[in-house]
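Asker: generate coordinates for the sequence data below:
(chains A, B and C)
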Amino acid sequence: MPELPEVETVRRGLAAVVDGREVAAVTVLHPRPVRRHAGGPVDFATSLTGRRLGTPRRRGKYLWLPFADGDALLAHLGMSGQFRVDAPGAALQRHARVLVDLDDGRQVRFVDQRMFGGLSVSPGGAELPAEIAHVGRDLLDPDLDLDALVAAVGGRRSGIKRVLLDQRVTSGIGNIYADEALWRAGVHFDHPADTLGPERIRAVLDAARDVMTAALEAGGTSFDALYVHVNGESGYFDRSLDAYGRADAPCRRCGTPLVRERFMNRSSFRCPVCQAASATTASPVGGRSR
DNA sequence: CTGTGGTCCTGTATGC
DNA sequence: TGCATACAGGACCACA
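Answerer: Here you go, the predicted model:
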């Protein structure tokens, strides 16, 4: 699943292809991926055609391609979205949804099996699309105020994983890297954020940044400029994961088999020893008054 | 503010 | 062989 490192890898790949190019034609093969475009598929195609594209930007898991006139093309990969670059006549991928012909003869394709992702034109969105103004700065953003983020996390009473996945607080972290960060920091996913303390919150955020940085470096080395891709199924970083997907496998720190649990309607993986529930974690009704 | 659970999607794996 | 079910989960929304 594309999280921050994968989206950043795609951003870099797209940059090499689209920067300075003009859109020659747009073909919408399926309406769903442009559902967030207010004017519908036809308007999406016509309003994109003729635009000159700038360097792609990113916040969290969102990408946008600024236009010279101040608008932008906003994109989210969802669960299974990919960008590919092909010759216009090349055979269509099975789940090709939107085709964007560039003025240099290349064709950028948005391919998305499950169609949780999407594209839309954001009026005035070149600097920061209004549609994602609620998304917080991510951990790789040079303008992030880490002290403020530690304080914001510490002000939440929710479980720490819920807070990590809240894109308004800090963005780019999904289910996989949340589990990895919590494993590295030795914290239970349901530990209330407001009882962790600033040191442990900082440790969790440091771990999240470190694991995403490592994944980004791994992705960058295997990147092919003519095949702008992100593929969660065959992810290049899978081998490096310490927690996610390792149910019953031995913890790489203490050897205890990891456990899989349902949390927020998705799977969570943790070490029952390194990430044991604390007194505050499993607090039943009425256990948190102060 | 907080937490829960449903919805959107399609493909793969598993069970009977 | 085929049909049903579970699962994958990011973002969003209704609801309590």
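
Asker: quick check: pLDDT value at A:Asn231.
Answerer: Listed pLDDT for A:Asn231 reads 35.

Asker: for whatever residue of chain A ends up closest to DNA strand B, grab the count of nearby residues.
Answerer: Closest to DNA strand B within chain A is A:Ser158: 2.7 Å, counting by CB to the nearest atom of the strand. Bear in mind the C-beta positions are built from the backbone N, C-alpha and C, glycine included. A:Ser158: 16 surrounding residues under other CB atoms under 10 Å.

Asker: repeat for A:Pro142
Answerer: By other CB under 10 Å, 5 other residues sit near A:Pro142.

Asker: picking up where we left off before, ok, the residue of chain A closest to DNA strand B touching A:Asp190?
Answerer: No. Using CB atoms under 8 Å, A:Ser158 is not in contact with A:Asp190; the gap is 9.0 Å.

Asker: and A:Glu180, helix, strand or coil?
Answerer: Secondary structure, DSSP: H, G, I helix; E, B strand; the rest coil: A:Glu180 is helix.

Asker: separation between it and A:Cys251?
Answerer: Remark: distance between A:Glu180 and A:Cys251 (CB to CB, to the nearest Å) = 13 Å.

Asker: more crowded one of these two?
Answerer: More crowded of A:Glu180 and A:Cys251, by other CB under 10 Å: A:Glu180, with 26 against 20.

Asker: OK, contacts around that one?
Answerer: Applying CB atoms under 8 Å, 6 or more residues apart in numbering to A:Glu180 gives the contacts A:207-208, A:211, A:241-244.

Asker: in a markdown table: those, plus distance to DNA strand B, neighbour count and pLDDT.
Answerer: Shown next, in a markdown table, are the contacts of A:Glu180 (distance: CB to the nearest atom of the strand, whole Å; neighbours: other CB atoms under 10 Å; pLDDT from 0 to 100):
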| residue | distance to DNA strand B | neighbour count | pLDDT |
| --- | --- | --- | --- |
| A:Ala207 | 21 | 19 | 95 |
| A:Ala208 | 19 | 24 | 95 |
| A:Val211 | 23 | 25 | 92 |
| A:Leu241 | 18 | 18 | 87 |
| A:Asp242 | 23 | 17 | 91 |
| A:Ala243 | 20 | 27 | 92 |
| A:Tyr244 | 17 | 21 | 89 |
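
Asker: going by distance to A:His95, which of the residues you listed wins?
Answerer: Nearest to A:His95 out of the contacts of A:Glu180 is A:Tyr244 (CB to CB; 24.5 Å).

Asker: up against DNA strand C, what does the stretch 51-200 of chain A have?
Answerer: Residues of the stretch 51-200 of chain A found near DNA strand C (CB under 7 Å from any atom of the strand) are A:60-62, A:76, A:78-79, A:114, A:116, A:131, A:165, A:167, A:174-176.

Asker: let's have these in JSON lines, adding distance to A:Asp104 and neighbour count.
Answerer: Below are these laid out as JSON lines (distance: CB to CB, whole Å; neighbours: other CB atoms under 10 Å):
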{"residue": "A:Gly60", "distance to A:Asp104": "30", "neighbour count": "24"}
{"residue": "A:Lys61", "distance to A:Asp104": "28", "neighbour count": "25"}
{"residue": "A:Tyr62", "distance to A:Asp104": "26", "neighbour count": "21"}
{"residue": "A:His76", "distance to A:Asp104": "26", "neighbour count": "22"}
{"residue": "A:Gly78", "distance to A:Asp104": "28", "neighbour count": "17"}
{"residue": "A:Met79", "distance to A:Asp104": "31", "neighbour count": "14"}
{"residue": "A:Arg114", "distance to A:Asp104": "31", "neighbour count": "11"}
{"residue": "A:Phe116", "distance to A:Asp104": "30", "neighbour count": "15"}
{"residue": "A:Glu131", "distance to A:Asp104": "29", "neighbour count": "17"}
{"residue": "A:Leu165", "distance to A:Asp104": "39", "neighbour count": "20"}
{"residue": "A:Gln167", "distance to A:Asp104": "35", "neighbour count": "19"}
{"residue": "A:Gly174", "distance to A:Asp104": "34", "neighbour count": "22"}
{"residue": "A:Asn175", "distance to A:Asp104": "38", "neighbour count": "19"}
{"residue": "A:Ile176", "distance to A:Asp104": "36", "neighbour count": "24"}
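
Asker: in the residues you listed, find the pair that's most separated.
Answerer: Using CB to CB, the two most remote members of these are A:Glu131 and A:Ile176, lying 24.7 Å apart.

Asker: count the neighbours of A:Gly136 for me.
Answerer: Counted with other CB under 10 Å, A:Gly136 comes out at 18.
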